[in-house]
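In: Please find the sequence and the predicted model below.
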Protein chains: 2
Amino acid sequence: MARTIGSNGARTAEAIRQAGVKLIYRHGYEAMSLRQLAAEVGLQSGSLYKYFDNKQSLLFDIVREHMADLLSKAEADLAGIDHPMARLKAFSAFHLRYHMQRMAHVFIANMEIRSLDDDHRAMVIGLRRRYENLLEDTLREGAQAGVFQIAEPKVATYAIISMLTGICMWYRPGGRLSQDQLVEIYTGLVVDGVTGPEGAPVQAEKRRALA
Amino acid sequence: MARTIGSNGARTAEAIRQAGVKLIYRHGYEAMSLRQLAAEVGLQSGSLYKYFDNKQSLLFDIVREHMADLLSKAEADLAGIDHPMARLKAFSAFHLRYHMQRMAHVFIANMEIRSLDDDHRAMVIGLRRRYENLLEDTLREGAQAGVFQIAEPKVATYAIISMLTGICMWYRPGGRLSQDQLVEIYTGLVVDGVTGPEGAPVQAEKRRALA
DNA sequence: TCAGGAAACAATCAAGCGTTCTTTTTTATT
DNA sequence: AATAAAAAAGAACGCTTGATTGTTTCCTGA
């Protein structure tokens, strides 16, 4: 046998990508063999090389595309929102929804950074930095405007993102709480965390006025 | 050559464990070869099997010992502290300090859970659950006593732990901020997050009275 | 001092790895 | 209907991996 009936390059390429995400998510990049991946798609391992140069570039493609997608969608979501509190809420909601919907991609991008070549890793970290800056800039502006009470915007940025991303560690679709409920709970924690103890009531009014 | 002069079993065992932590932390469990590990310790790869049954048991030993240590030290730290707010602060401070001081172990325990056999993984997750319960129980008690405003203690537990653990992703010793400063910043975020918007000033007084 | 256990070496195994190359079959084009 | 291009099979490659075994050397305690 050689070429199979009904075979199609574009469809196979997509199947390989999906199977790659699935297997890397489940077993990790190093633990996934190309024979395993090929079997999942229904191919021989050698045939995979029609679709990527090597194993590393498969990982890089998946991670880079995900990061670029995350960044551009976040920027689109925040476009036109000016008030720091509104931006913070929008960022939080976007981040949570995106992470709940694409857990595998997110997980891979976070876990397998170390498996990337040096220059590949640098490129991905650059994209991640740009994404983090969306939040950090918002926190700085809010702090300067007196909307937030934040001593260290950079630390707060890391803390908030870690907290939000952590939802990937336990969230499962169809659980007791809906995505909307989780967004509300998490966003509430974030907002309370940055408005500080004494300033909270004042900010609570501002938030109400904005909603 | 065979037995090396001055060789000592206990010392070698400890060297293997340390090198294992170092290499797994740096490259990941799957990516670390036993020959690499042996070279790091100054042995032939076959000699490693005097010290563990197989590669998997090395990982399990490292992870399980770390989790048991984390749990017992946390329990010791919280012993005798009754007030929910005081317990929350103590937990937060302990978690942060422990994670800043033993980043490699923590990182491995979090990242390589998936590389463990099913039953090994179940055991480690059980230990982790007991650790998480230290925080979750505190949050529930505090919520019932009106000290905290928390709708979903379980979600809040995951959120807080993710936030605190995230410090491992960027903290480096000798950075701009000291460990004490970071503990204060992060703990502030945690406390503000669980005291809620309106109740904050009231709780702030209670906190002062307690300090 | 000298036996017995501890510690490490050295060589080897089968299996699996990522990758390359050639061949064969199917599809699309003219 | 003839031909070219696309898609996949299948065999093979050199290497590395985790693991095993038999042997040699060193250390220690009676």
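Out: Sure thing, it's come through. Model, not experiment: these values are computed from the prediction. Residues are numbered from 1 along each chain as shown, chains lettered A, B, ... in the order given.

In: Please name every helix or strand in contact with the helix or strand containing residue A:191.
Out: Per DSSP states H and E, residue A:191 falls inside helix A:179-195. When contacts are defined as 3 or more Cβ pairs under 8 Å, 6 or more residues apart in numbering or on different chains; DSSP states H and E, helix A:179-195 sits against helix A:84-101, helix A:153-165, helix A:200-210, helix B:153-165, helix B:179-195. To be clear about C-beta, it is placed using only N, CA and C from the backbone, and glycine gets the same treatment.

In: got the angle for it vs helix B:153-165?
Out: Angle between the axes of helix A:179-195 and helix B:153-165 is 50 degrees (criterion: axes from the mean of the first three to the mean of the last three Cα atoms, to 10 degrees).

In: buried stuff in helix A:179-195?
Out: By 16 or more other Cβ atoms under 10 Å in any protein chain shown, the buried positions in helix A:179-195 come out as A:179, A:182-195.

In: Can you tell me how far residue A:4 is from residue B:76?
Out: Separation of residue A:4 from residue B:76 (Cβ to Cβ, to the nearest Å): 63 Å.

In: Who are the packing partners of the helix ranked longest in chain A?
Out: Longest helix in chain A by number of residues (criterion: DSSP state H): helix A:118-144. Packing partners of helix A:118-144 (3+ Cβ pairs under 8 Å, 6+ apart): helix A:55-78, helix A:84-101, helix A:153-165.

In: Pick the most buried one from those helices.
Out: Among the helices and strands packed on helix A:118-144, ranked by average contacts under mean count of other Cβ atoms under 10 Å in any protein chain shown, first place goes to helix A:153-165 (a mean of 22).

In: How about residues contacting that helix?
Out: Residues from elsewhere that reach helix A:153-165, judged by Cβ atoms under 8 Å, 6 or more residues apart in numbering or on different chains: A:92, A:95-96, A:99, A:106, A:110, A:132, A:135-136, A:139-140, A:143, A:150, A:186, A:189-190, A:193-194, B:159-160, B:162-163, B:165-167, B:169-170, B:177, B:182, B:185-186, B:189.

In: show me what contacts residue A:177?
Out: Applying Cβ under 8 Å, 6+ apart to residue A:177 gives the contacts A:185, B:152, B:155.

In: Go again with 7 Å.
Out: Neighbour list for residue A:177: empty [criterion: Cβ atoms under 7 Å, 6 or more residues apart in numbering or on different chains].

In: Same question for residue A:91.
Out: A:78, A:134-135, A:138.

In: rerun that using 6 Å as the cut-off
Out: residue A:135 (Cβ atoms under 6 Å, 6 or more residues apart in numbering or on different chains).

In: next one: the one 3 residues further on
Out: The neighbourhood of residue A:94, defined by Cβ under 6 Å, 6+ apart, consists of A:74, A:77.
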